[in-house]
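Colleague: here is a sequence together with a model predicted from it:
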Amino acid sequence: MIATTSLKESEVFGNTNARPSERTIDDSQSIPGKLATHGAVVRTRRGQSLSLALDGAEMVYVVRSGALMLRVAFPDEMRQVVALLYPGEVFRAAFAPPAASARLSSVGAGEALRFRWPVFSDLAATNPEIERFYNDAVARQTARAAIHTAAVGRFDCRQRVATFLLELALRTGVPAPCGGLDFEIPLNRTDIADYLGLNADTLSRTMSRLRASGLLSHPERNRGLVRDVAALAALTPAARALMGLNGGGQPPA
């Protein structure tokens, strides 16, 4: 069993009395303004597929709001949700594994900027702000993918679910009137199970235990409420790494 981490709420979010904008990073605000003038705005709805190529050109998407999901299927028909993309993150078709059927889709209402890769590449080559934005976004996504790989490969089911919920809380959570954090759960049960490498029934039992403990509740469809964020963070060994990536508290020295 991998040891869990003991954390105080002040370590998770620093000043817990701060406004949401002060406690979390709004990555959408870091998107260079010049990108918006060159990209096509795509307004998405739940389940909408986004083309990975257009007229033979590789496509690039910059998420402005909502979230995107990448699912791949290999020749043996095994399917897997392999990535979630949040506001401020970038996806180019070359990120999808070769020789696999890849599908990029929206998991809810949102907005993305769409580019042909040659156009985006030229913009990055001639504008240092855009180049820095792209490099920083890819670096964060690579780090987050490493955490996810470790979670799926080494964590038990409760730790995987706690890691997923904590990331959602850090990325999309806002203070709830009753205390804790209210956040969006953009995936359905099957997709969450695929993403975490769990059986759907195992996922349901784990979520039920978290609800029975009083740690997690669902105030409405597709939303979660965690009343004690520090207690949730204590369930995953990845807590400090996630906090370092998402701006809530400080990573370990």
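Modeller: All right, it came through fine. Because the structure is a prediction, the values reported are computed rather than measured.

Colleague: separation between residue 143 and residue 69?
Modeller: With distances defined as C-beta to C-beta, to the nearest Å, the gap from residue 143 to residue 69 amounts to 19 Å. Glycine gets a C-beta too; all of them are placed from N, C-alpha and C.

Colleague: of those two, which one has the most company?
Modeller: residue 69 (21 against 14; other C-beta atoms under 10 Å).

Colleague: just confirm that one contacts residue 191, I think it does.
Modeller: Yes - under the criterion of C-beta atoms under 8 Å, residue 69 is in contact with residue 191, at a separation of 6.8 Å.

Colleague: anything in contact with each of these two?
Modeller: Common contacts of residue 69 and residue 191, defined by C-beta atoms under 8 Å, 6 or more residues apart in numbering, comprise 81, 107.

Colleague: quick one: pLDDT of the nearest residue to residue 68 once chain neighbours are set aside?
Modeller: On the basis of C-beta to C-beta, 6 or more residues apart in numbering, the spatially nearest residue to residue 68 that is not a chain neighbour turns out to be residue 85, at 4.3 Å. Looking at residue 85, its pLDDT stands at 96.

Colleague: measure how buried residue 85 is and give me the count.
Modeller: 24.

Colleague: got the buried residues for the longest strand along the chain?
Modeller: Counting residues, the longest strand found in the chain (DSSP state E) is strand 57-65. For strand 57-65, a neighbour-count test (16 or more other C-beta atoms under 10 Å) marks 58, 59, 60, 61, 62, 63, 64 as buried.

Colleague: columns distance to residue 238 on top of these, output as a markdown table?
Modeller: Written out in a markdown table, the entries for the buried residues of strand 57-65 read as follows (distance: C-beta to C-beta, whole Å):
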| residue | distance to residue 238 |
| --- | --- |
| 58 | 32 |
| 59 | 31 |
| 60 | 28 |
| 61 | 26 |
| 62 | 26 |
| 63 | 22 |
| 64 | 27 |
